[in-house]
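Colleague: Provided below are the primary sequence and the corresponding predicted coordinates.
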Amino acid sequence: MIRAQPKILSHRRHAMNHRHRTLCLLATLTSMDASAWSRMAEAEISAFKGMPCFTISKKEERRNGTPMLGALMVYDISIKPPVKVWSFILPGATTLPMHAKTCYLYGQVPAEAESTAATMLKIDRMYSVFLNGRPDDPSDSTRGYRGKFCLTNDAAGQQKIIAINSDMQEWRTEICPPRPSRP
């Protein structure tokens, strides 16, 4: 009988270790930083004098308040690997407010920013934009704004910007169509 007790104690110790591990794992998972589940919001892309212009939507501004922009990058994603065609970054902790009514025009560099030279955009190419900005609210998981667009010519031969939303087939295929489709 004396020999049976260590087996019972060993079984109880094993059960306690398993419970302890499970509780530790649950405590760790529930206390993880919210940044582990970060969110990428959609950038708004429009045209101004035939050039793409980048901002956030009114919906995002209502949701988050005014995000602060630290950098902007545009890539040609029609070719692999993607090629950066233009970017700017604000030095140090400098940021710019990003309102839905404010648009950052392709190739125009804010006064405080350092930039790469803007490459001439080509017709029938798919481009992506990333606005590196986030709301002031530290509890908000938004870590940036991304979008895609194409450059085409309309029937009159005028340059036209087509914004590609994330629910469109072209978002996934990354092929610039003459007229965008819907999902």
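Modeller: That came through, no problem. Numbers count the residues shown, from 1 in each chain.

Colleague: Distance-wise, check the closest residue in space to residue 148 that isn't next to it in sequence relative to residue 115.
Modeller: In space, and not counting its chain neighbours, residue 148 is closest to residue 164: 4.1 Å by C-beta to C-beta, 6 or more residues apart in numbering. (Glycine included, C-beta is placed from N, CA and C.) Per C-beta to C-beta, to the nearest Å, residue 164 is found 24 Å from residue 115.

Colleague: Residue 104 too?
Modeller: For residue 104 relative to residue 115 (C-beta to C-beta), the value is 11 Å.

Colleague: Give me the neighbour count for the residue nearest to residue 148.
Modeller: 24 (other C-beta atoms under 10 Å).

Colleague: who's in contact with it?
Modeller: 126, 147-150, 170-171, 180 (C-beta atoms under 8 Å, 6 or more residues apart in numbering).

Colleague: Tell me which of residue 104 and residue 115 has more neighbours.
Modeller: Between residue 104 and residue 115, counted using other C-beta under 10 Å, the more crowded position is residue 104 (21 against 15).

Colleague: Excluding covalently adjacent residues, which one is nearest to the more buried one?
Modeller: Using C-beta to C-beta, 6+ apart, the closest residue to residue 104 is residue 54 (4.8 Å).
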